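Trainee: got a predicted model here, sequence first, then my questions.
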Amino acid sequence: MKKLPLLALWCLPVMAQLQPLGIALESYAYPYPVHFMPFRIENQDLIMAYGDVAPTGPANGRTVVLMHGKNFGGYYWGRVAKVLASAGYRVVIPDQIGWGKSSKPDIHYSFQLLAANTARVLDTLGIQNVIVVGHSTGGVLAVRFTLMYPERVSQLILEGPLGMEDYRQGPPQSDDALYQNDLNNINPERIRAAFARYFVNPKPEVYGPLAEVPIRVTLSGEYPRWAKASALAYQMIYQQPVRYEYPLIKPPTLIIVGDKDRTALISASAPAELREKMGRFPELARQAAKDIPHASALIIPECGHIPHIEHPEVFDKAVLEFLSGK
């Protein structure tokens, strides 16, 4: 039988090529060792997964915390963690409660809770001062963590951050509507298309593996629990803006966005006139850099929502230079 090329394989029916994946991603290999910390939240016993990557280059005594986005887990930070470790940084990569290999409880999600959970992980590891990097929804969490623990954050990097605008401008969303939307979003091609839109020049070999995780989870009998946690997380993003607190951010801040990024969470339900105005990341980043006391914005040409994957060399150079004070 003639072998199919890699790109053709992505077009095969998902059931023929992908196995179901439990909502704790038990069988999904991360690019670094994963540790677990027990929590008790709202009378539920939970676990929070995290990576703790030691420096591979001469250690500089500094630690970077990488905060993932809504549709990801810590696993997509593997390459960035390797670059930072080789530059002498210790790297901590939490899977927030509700994501990745961490528990997926039905609780009230808040950025304050996620920030406190992250601080607890750092306390257990004996880490006091950190550099915080947040991508997408992780950018909202990074801001909240910085505002809650200003004495712990020496530098802040926001990559394609949500929260640069107030999503409450759009129509309100009920928990049930968000839950049903996730329950109904089990079409593999629709999921792949959603991940492809994160990139200006989408390549199946790049966005395909990212889409594989949620596609495989939809094949699991536990998927409704995943969908409920996802819906509650969306509600958290809608209802808990940080935009108006930017002037309170104290540490030096670098905002990195793609010039073609138009990500807006309310786009599917917002009226056309509002949808057209939202998600203009270059404009939002420039304004955010003005509102944050010690901030600058880097707009990467021909780049979408995930600069650290789409333009890794540009991203790495900007991050390392910022961290070194250049």
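Mentor: Cool, the structure landed.

Trainee: list the buried ones in the helix or strand hosting L323?
Mentor: L323 is part of helix 312-324 when elements are defined by DSSP states H and E. Applying a neighbour-count criterion of 16 or more other CB atoms under 10 Å, one finds 314-316, 318-319, 322-323 buried in helix 312-324. For every residue, glycine as well, the C-beta is placed using N, CA and C.

Trainee: pLDDT of the longest strand along the chain, averaged?
Mentor: Among the elements of the chain assigned as strand by DSSP state E, the one spanning the most residues is strand 44-53. Mean pLDDT, taken over the full extent of strand 44-53, equals 98.

Trainee: now the next helix or strand after that strand against helix 312-324, angle please.
Mentor: The C-terminal neighbour of strand 44-53 among helices and strands, as given by DSSP H and E, is strand 63-67. Strand 63-67 runs at 130 degrees relative to helix 312-324, counting by axes from the mean of the first three to the mean of the last three CA atoms, to 10 degrees.

Trainee: pairing partners for strand 63-67, with directions?
Mentor: Strands flanking strand 63-67 in the sheet, each with its direction: strand 90-94 (parallel), strand 130-135 (parallel) (DSSP bridges).

Trainee: following the longest one, which helix or strand shows up next?
Mentor: Tracing the chain past strand 130-135, the next element assigned as helix or strand by DSSP H and E is helix 137-148.

Trainee: and the helix or strand following that next one, how far out from the chain middle?
Mentor: Later in the chain than helix 137-148, the nearest helix or strand by DSSP H and E is strand 153-159. Chain-centre distance of strand 153-159: 14 Å, with CA atoms, centre = their mean, to the nearest Å.

Trainee: residue numbering should commence at 873 henceforth.
Mentor: With 873 as the first residue, the last one maps to strand 1025-1031.

Trainee: report the buried residues of the helix or strand that comes right after strand 1025-1031.
Mentor: Under the assignment DSSP H and E, the closest C-terminal helix or strand after strand 1025-1031 is helix 1047-1056. The neighbour-count check on helix 1047-1056 (16+ other CB under 10 Å) flags 1050-1051, 1053-1055 as buried.

Trainee: I'd like to know which elements helix 1047-1056 is packed against.
Mentor: Other elements packing on helix 1047-1056 under the criterion 3 or more CB pairs under 8 Å, 6 or more residues apart in numbering; DSSP states H and E are helix 1095-1111.

Trainee: buried stuff in the helix it packs on?
Mentor: Residues of helix 1095-1111 classed as buried under the neighbour-count rule (16+ other CB under 10 Å) are 1095, 1097-1110.
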